[in-house]
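Undergrad: Got a predicted structure here, sequence first:
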Amino acid sequence: MATQPFSDELVDRLAHARHIAVLTGAGISAESGIPTFRDPGGLWQQFKPEELANVNAFVRNPQLVQAWYLHRRKLALETMPNPGHQALVALEERVPDFLLITQNVDNLHQRAGSKKIAELHGNITRSYCIDCGREANDAAMEPAASGSIALCSACGGYIRPDVVWFGEMLPQDAIREANDAARRAEVFLSIGTSAVVYPAAGLPLTARQGGAYVAEINVEASAIARYIDEVVLGKAGIVLPALLDAIQKR
Ligand code: OAD
């Protein structure tokens, strides 16, 4: 039988902790079939962020940006949460103080059943009008006809996805909640993120300064690996259920 890729200390700490915070990135959804950003074949190798994920690009070419997000939204809706997402639901149910901080916009944690979530980068299943701010319904990202632009039914403004673009502020409530949870955490898990985009990438370090045991789960060591307590190498969809199983046996 293969030995566990994580330490007994991590299992013990998770089993006894009352305050746990978790940061997730695109890697946790990779096994659901959603491409990451920076891995080979990732989104930012095929598309340029400056042409798609900022407000100037949107105003210059709303049709292109809407079509790209529509494509990503369809993909997210067609895929299913995987055992990694599900293990985090079970972890949340074990502790009184838990926060799942996600950089993902794919809504898979929500669909898996996680309840306490701070969405740092928004959620691709929601959209709103850039002029009047009104939230648009599900169908609103779809342009009326192919080649046209999706417009607000109330004021005619362009409809944009409710995601954070480069150069935009993060939702202040979500980042405040995330920072507070990182400071309170006894154990902090950073899962499937390259940890190069701030302020999210600073959260594991904030947690460690606050006294948390910080572990990462990733198929390769991330940018913050050398500053944390433990790097667990492996796929989130395999490591997380195994970790949960080990905790439940403690
Ligand atoms: P990245 O694409 O930068 O990193 C994905 C990470 O997941 C890498 O470190 C991979 O090694 C790891 N990985 C891949 N498959 C995995 C698996 N099965 N199990 C565990 N780990 C795996 O994605 P993020 O770190 O999420 O922001 O990127 C952060 C932000 O950059 C995104 O939220 C997005 C992007 O620009 C915005 O759009 C605002």
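TA: Alright, I've got the coordinates. Quantities reported herein were computed from a predicted structural model and do not represent experimental measurements. Numbers count the residues shown, from 1 in each chain.
Undergrad: so residue 9 makes contact with residue 213?
TA: Yes - using C-beta atoms under 8 Å, residue 9 is in contact with residue 213, at 7.4 Å. For glycine as for every other residue, the C-beta is placed from the backbone atoms N, C-alpha and C.
Undergrad: Spell out which parts of the protein neighbour the ligand.
TA: Residues of the chain found near the ligand (C-beta under 6 Å from any ligand atom) are 25-27, 30-31, 36-39, 42, 53, 103, 121, 164, 192-194, 197, 217-220, 222, 235-236.
Undergrad: Find residues that contact each of residue 9 and residue 213.
TA: Among the neighbours of residue 9, those also in contact with residue 213 (C-beta atoms under 8 Å, 6 or more residues apart in numbering) are residue 230.
Undergrad: Those two: which is more packed in?
TA: Higher neighbour count among residue 9 and residue 213: residue 213, with 21 against 12, using other C-beta atoms under 10 Å.
Undergrad: which residues touch that one?
TA: 9, 10, 13, 186, 187, 188, 229, 230 are the contacts of residue 213 under C-beta under 8 Å, 6+ apart.
Undergrad: at 6 Å what do you get?
TA: By C-beta atoms under 6 Å, 6 or more residues apart in numbering, residue 213 lies in contact with 13, 187, 229.
Undergrad: Tell me the bridge partners for it.
TA: Judged by DSSP bridges, the bridge partners of residue 213 are residue 187.
Undergrad: Need the pLDDT of it.
TA: Per-residue pLDDT puts residue 213 at 98.
Undergrad: Output the lowest mean pLDDT helix or strand found in the protein.
TA: Least confident helix or strand of the chain, by mean pLDDT, DSSP states H and E, is helix 49-52 with a mean of 83.
Undergrad: following that helix, which helix or strand shows up next?
TA: Per DSSP states H and E, the first helix or strand lying C-terminal to helix 49-52 is helix 55-60.
Undergrad: contact partners of the helix or strand just after that following helix?
TA: Moving toward the C-terminus from helix 55-60, the next helix or strand (DSSP H and E) is helix 62-78. Helix 62-78 is contacted by residues 52, 57, 58, 106, 124, 141, 149, 150, 158, 161 when judged by C-beta under 6 Å, 6+ apart.
Undergrad: Now the terminal residues of stretch 137-153, how far apart.
TA: Start-to-end span of stretch 137-153 (C-alpha to C-alpha, to the nearest Å) is 10 Å.
Undergrad: List the buried residues for that stretch?
TA: 140, 141, 143, 150, 151, 152 (16 or more other C-beta atoms under 10 Å).
Undergrad: Find the pair from the contacts of helix 62-78 with maximum spatial separation.
TA: 106 and 149 (24.0 Å; C-beta to C-beta).
Undergrad: contacting residues for residue 166?
TA: Counting by C-beta under 6 Å, 6+ apart, the residues that residue 166 touches are 49, 53, 54.
Undergrad: List the contacts of the least confident helix or strand of the chain.
TA: The contact list for helix 49-52, computed with C-beta under 6 Å, 6+ apart, reads 57, 65, 68, 166.
Undergrad: try it again with 10 Å
TA: The contact list for helix 49-52 (C-beta atoms under 10 Å, 6 or more residues apart in numbering) reads 37, 43-44, 56-58, 60-61, 64-65, 67-69, 72, 165-167.
Undergrad: All good on my end, thank you.
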